[in-house]
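K.L.:
from the sequence below, what's the structure:
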Amino acid sequence: MPNSDQTLIENPVQQGWLQHWQPLWQQMQHGTLHNQRGLALHYSHYQLPGADTAVVISSGRIEMAIKYSAVIFELVQAGYSVYILDHQGQGASARELSNPHKGYISNFDQYSDDWQQFMQQVVLPGQHQCYLALCHSMGSAIFANYLLRHPQHPFAAAALCSPMLGIYSGPIPFAAAMPIVKALHWLNHQLSAQSWYLPGQGNYRPEAFARNRLTSCPAQYQWLLSLYEAEPALQLGGVTLDWLLAADQVMRRLAESGHSIELPLLVLQAGDDKVVDNKAQQRFVAQRPERRELKVLAGAKHELLLEHAPIRQQAMHSIMLFFARYRARQG
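P.N.:
Below you'll find the model as predicted:
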C-alpha cells in the first residue's frame, strides 16, 4: 500500500491543492455584496503587497471561486493581485429559485451589472494601476456584455478561455432548436410559476469521467468532483428554459454588436470543445482581427485550465505572455 508521499507524487493535482492552492485560498479575503435585486453575491480576493496590476476572473456556468485556486496561485506567483466573483445563482452566491440546483437567469444584463457593481465596490478600491480580465465560457459572454453596457471600463486587456459566444448543439443547428425552446418556455409560464429545466437537464449528479465533456484529465476531474462533494451547497444542476433564452439573447447581441468592443482580446479555443460553438468564436475574432488573437489548443476539451498538464501549461503560458504585454510597467 503506497504511503501518503507516494500518493501525492502520483496525483500532482492533489499535491498542488494540499501544498500550494489551499494554503493561499485560506489566506484570501472573502466577503459578500448585495446586488440591485437584493441577492447576496460571494467574492474572494488576494491583494498582493506591491502589485500594481490586478486580474479579475469571470467564471463559467456552475463554477465557484475555489475552483480557480490553482489559477489564482499562479497569478499571484506572477505578481498579480486577483479578484473573483461568484455569479448570482451559482457558487456560494444566492440562488433565486426555490430549487437551488436550477441554472436560472432571466437576463444576462443582470450578470453584467453585478460585475460592474463588483468592480466599483470591491475591485477598484484596491487602487491598482492596471486591470486585466481572465474569463471562461459563460463568464466570457458576461464580461463581453459588460463591455458593451459599460464602455468606460477600467480594463486594459482580457483573455477569454473557451468563450460562450455560441452553444455546441451537435448535428442539429442551435438556431433550429430555438423555436421549440420558445414554445416550451411559453407553455412553462402558462402552467407554472417555477422555471422548468430544459428537457434532459436535472439536478446536480456527478457524471462518470468517461462521459464528461469538460476535461480529458482524470485527476483534474476527480479533484473538481471532490470540491462539490465537500461543499454540497456549491452544487448546481442543468439549465432552465429561461437561462437558455437569456443566453441566446446575449450571444445574438455579441454577434451583432461585438465589433464595437475595442479592448485587446486573446481567445483561447479548445479544439475538441463539445460545450460551446468554436465557429462562433472564429466569427467573433474576425469582427476585429487587429485587436483579437485566436489561439487553438488542439485536442483540448472545454475546460482548458483543468486539462492535462501539457494543454493546461500551454493555455497558462499564452495567458501570461498576453497579460505581460498589458500589465502596468514596473519601475
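
K.L.:
so which residues of the stretch 201-331 of the chain form helices?
P.N.:
For the stretch 201-331 of the chain, the helices defined by DSSP state H, counting those that start in this stretch cover 218-230, 241-257, 278-287, 309-326.

K.L.:
tell me the buried residues in stretch 190-197?
P.N.:
Buried residues in stretch 190-197, counted by 16 or more other Cβ atoms under 10 Å: 195-197. Quick note: C-beta positions are derived from backbone N, CA and C, even for glycine.

K.L.:
as JSON lines, those with secondary structure and pLDDT would be great.
P.N.:
Listed next are the buried residues of stretch 190-197 as JSON lines, based on DSSP: H, G, I helix; E, B strand; the rest coil; pLDDT from 0 to 100:
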{"residue": "195", "secondary structure": "coil", "pLDDT": "95"}
{"residue": "196", "secondary structure": "coil", "pLDDT": "97"}
{"residue": "197", "secondary structure": "strand", "pLDDT": "98"}
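
K.L.:
and which of the residues you listed is nearest to residue 173?
P.N.:
Nearest to residue 173 among the buried residues of stretch 190-197, counting by Cβ to Cβ, is residue 197 at 22.0 Å.

K.L.:
how close does the closest one sit to residue 243?
P.N.:
Relative to residue 243, residue 197 is positioned 10 Å away (Cβ to Cβ, to the nearest Å).

K.L.:
could you do residue 218 as well?
P.N.:
29 Å.

K.L.:
out of those two, which sits in the more crowded spot?
P.N.:
More crowded of residue 218 and residue 243, by other Cβ atoms under 10 Å: residue 243, with 23 against 14.

K.L.:
now do the contacts for that one.
P.N.:
By Cβ atoms under 8 Å, 6 or more residues apart in numbering, residue 243 lies in contact with 103-105, 195, 198.

K.L.:
which residue ranges form the strands in the stretch 1-150 of the chain?
P.N.:
29-34, 40-46, 53-58, 81-85, 130-136 (DSSP state E, counting those that start in this stretch).

K.L.:
the third one: how far from the chain's middle?
P.N.:
When C-alpha coordinates are averaged (Cα atoms, centre = their mean, to the nearest Å), strand 53-58 and its chain have centres 12 Å apart.

K.L.:
before we move on, what about the last one?
P.N.:
With Cα atoms, centre = their mean as the basis, the distance from the averaged C-alpha position of strand 130-136 to the chain average is 11 Å.

K.L.:
endpoint to endpoint, stretch 13-26 covers what distance?
P.N.:
Stretch 13-26 has its terminal residues 18 Å apart, counting by Cα to Cα, to the nearest Å.

K.L.:
and if you look at stretch 32-49?
P.N.:
22 Å.

K.L.:
now tell me what touches it from outside.
P.N.:
With contacts defined as Cβ under 8 Å, 6+ apart, stretch 32-49 is touched by 24-25, 27-31, 54, 65-66, 72, 76, 79-88, 91-94, 96, 110, 113-114, 117-118, 121-123, 126.

K.L.:
list the buried ones in it?
P.N.:
33, 35, 39, 41-48.

K.L.:
same question, stretch 306-322
P.N.:
Neighbour-count burial for stretch 306-322 flags 306-308, 311-312, 314-316, 318-319, 322 (criterion: 16+ other Cβ under 10 Å).

K.L.:
next: stretch 75-90.
P.N.:
In stretch 75-90, counting by 16+ other Cβ under 10 Å, buried: 75-76, 78, 80-90.

K.L.:
farthest pair in the residues you listed?
P.N.:
By the measure Cβ to Cβ, 78 and 89 form the most distant pair in those, at 31.0 Å.

K.L.:
so can I have a markdown table of the contacts of residue 243 showing distance to residue 144?
P.N.:
As requested, the contacts of residue 243 are exported to a markdown table (distance: Cβ to Cβ, whole Å):
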| residue | distance to residue 144 |
| --- | --- |
| 103 | 19 |
| 104 | 21 |
| 105 | 16 |
| 195 | 25 |
| 198 | 23 |
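
K.L.:
what is the most widely separated pair among these?
P.N.:
Farthest apart among those - using Cβ to Cβ - are 105 and 198, which lie 13.3 Å from each other.

K.L.:
residues contacting residue 312?
P.N.:
Residue 312 makes contact with 217, 220, 304-306, according to Cβ under 8 Å, 6+ apart.

K.L.:
so which of those comes closest to residue 328?
P.N.:
Closest approach to residue 328 among those (Cβ to Cβ): residue 305, at 23.9 Å.

K.L.:
ok, now how distant is that closest one from residue 70?
P.N.:
Per Cβ to Cβ, residue 305 is found 8 Å from residue 70.
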